[in-house]
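> sequence first, predicted model second:
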Amino acid sequence: MGKRFRIFMILGLALCVGGFFASANAAGLVDPATGMKITEIHIGDAGAFTGDAASPCMEIFHSAQIALDEWNAKGGIHGVKLKHIMGDDAMDPAQAVNVARKFVADKLMFGVIGPPMSSIAQATMGIYASGNLACITTAVSKPSLTEQGYKNFFRLCARNDSHGWNCALFIKNYLKAKKVAVLNERDAYCVNMAKETIKGLKKLGIKDILHETIVAGAKDYSSVLTKVRVYNPDVLFFVATTAPDQAIGVRQAKELGIKATFLGTEGAKDVKDFIEASQGAAEGAYVYHFAPDIYAIPAAANYVKKYESKYGTISGFGPTAYEAMNILLAAINRAAADGKITRKEVIQELHKTKNYHGILGFPVTFNKKGDLEGGATYFFKVVGKKFKQVAVMTGK
């Protein structure tokens, strides 16, 4: 009896010790290259958190934070807590390079949300790629960025070659335009977006087009808008990056008596910096956007409630950031399934993202280039102090 008791005691002790170590192993992560214990998982967020684009970029950051907090509330990843780190580039490529280098040098960094602007992505893609650091952008749409062979860059929005064609379709079929004025800033996104739209308009038979450039951050567009007034187009497509620039454009166009329907780009979808800043001039204007009306999607109700209870009205830049953070963390979680994790594994898992159903109302799948499959362009009209979705274009 005593011998059997001792055997059971030894077996029980072994099981307890084994269970303890198994539990300890499950609750921790290791970098296999260095043997270093991962004490915290860092997720970077690269964007212009100061300056004219601060409003949409802060919406991106807050939305990503909501998703990260939800993961931490469930225990993080393998018991390891997650930390969200802001990297402010202020829309300056040189500053963005410093942010990218800082993120790459952080050994606990396993992914980045952003950057959300094509010119910044263009300046930093090589740095992130050299460090095998995955980036999921919520808004970058210049097509050539995913044609360079980088494996670490993913986007949750359609490309400009899709947006430009869809804007041309909207201008012709929805706005019934025959004469179009296109004004664009000189940065990577705006130049490419104007080019793609004009190409689409010509393909659709609209060749009566006035094309002029404008200066980002200018406080007075009256000289070029005077040309637009003389030209007398049916539609004025104002291709600018930030909402404050677009607010000035739509207000001065109305002051000059321009009768053309105003169509703004995705950056204009901001209640405070476009609708309110325009002092009523934006009423009846249209904007295109890369994401749908989040208020119409039942699956997004919990996110909307959490965001609005803490930060206020959602303009439209946040939902894709919430989705991006969840997709990134799901990939990190899969990469860490064996208790070990590397940046390369995270990239590999992101490429396996297929039919991810989140809050955007459509399944997310990345193709081999990192582009979103089946992305659409959403069109909104300013009605009072709100944006009302009026059309969705998918290239048809």
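Sure, I can see it.
> span of stretch 158-174 from start to end?
Taking C-alpha to C-alpha, to the nearest Å, stretch 158-174 runs 20 Å from one end to the other.
> and Leu210, how far is that from Lys107?
Using C-beta to C-beta, to the nearest Å, Leu210 is found at 53 Å from Lys107. C-beta here means a position set from N, CA and C on the backbone, and glycine is covered the same way.
> go on, Gly249?
Here the criterion is C-beta to C-beta. By it, Gly249 lies 45 Å from Lys107.
> equivalent analysis for Arg186, please.
Remark: distance between Arg186 and Lys107 (C-beta to C-beta) = 38 Å.
> pick out whichever of Gly249 and Lys107 has more residues nearby.
Gly249 (29 against 13; other C-beta atoms under 10 Å).
> tell me the bridge partners for the spatially closest residue to the more buried one that is not a sequence neighbour.
For Gly249, the nearest residue in space outside its immediate sequence neighbours is Phe238; the separation is 4.6 Å by C-beta to C-beta, 6 or more residues apart in numbering. Here Phe238 shows beta-bridge partners Leu183, Gly264, assigned using DSSP bridges.
> need the three-state assignment for Val304.
With DSSP: H, G, I helix; E, B strand; the rest coil as the basis, Val304 sits in helix.
> next: Phe61.
For Phe61, the reduced secondary structure class is helix; criterion used: three-state DSSP.
> what is the neighbour count of it?
Counted by other C-beta under 10 Å, the residues lying close to Phe61 total 23.
> show me the contacts for it.
Under the criterion of C-beta atoms under 8 Å, 6 or more residues apart in numbering, the neighbours of Phe61 are 45, 47, 49, 84, 86, 321.
> how near is it to Gly44?
Counting by C-beta to C-beta, the gap from Phe61 to Gly44 is 11 Å.
> next one: Thr342
Distance check for Thr342 against Gly44: by C-beta to C-beta, it reads 17 Å.
> go on, Arg229?
When distances are taken as C-beta to C-beta, Arg229 and Gly44 turn out to be 45 Å apart.
> helices along the stretch 51-200 of the chain, start to end?
Using DSSP state H, counting those that start in this stretch, the helices assigned to the stretch 51-200 of the chain run over residues 54-73, 93-105, 118-130, 160-169, 188-203.
> looking at these, which is nearest to Asp270?
The closest of the helices of the stretch 51-200 of the chain to Asp270 is helix 54-73. By C-beta to C-beta, the value is 5.5 Å.
> quick check: buried residues in the closest one?
Judged by neighbour count using 16 or more other C-beta atoms under 10 Å, the buried positions of helix 54-73 are 54-68, 70-72.
> who does Lys83 form a beta bridge with?
In this structure, Lys83 has the following beta-bridge partners (DSSP bridges): His42.
> I figured it hits Glu40, correct?
Yes - the criterion here is C-beta atoms under 8 Å, and Lys83 meets it with Glu40 at 5.5 Å.
> any common contacting residues for these two?
Common neighbours of Lys83 and Glu40 (C-beta under 8 Å, 6+ apart) are Leu108.
> list phi and psi for Thr377.
phi -120, psi 130 (degrees, to the nearest 10).
> got a list of what it touches?
158, 162-163, 166-167, 170, 288-290, 392-394.
> I'd like these as CSV, with distance to Tyr303 and neighbour count appended.
Rendered in CSV, the data for the contacts of Thr377 read as follows (distance: C-beta to C-beta, whole Å; neighbours: other C-beta atoms under 10 Å):
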residue, distance to Tyr303, neighbour count
Ala158, 21, 25
Ser162, 25, 23
His163, 24, 27
Asn166, 26, 26
Cys167, 28, 29
Phe170, 28, 24
Tyr288, 23, 24
His289, 17, 24
Phe290, 17, 26
Val392, 20, 13
Met393, 25, 21
Thr394, 24, 12
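> out of those residues, who's nearest Lys385?
Distances from the contacts of Thr377 to Lys385 were compared by C-beta to C-beta; the smallest belongs to His289, at 16.8 Å.
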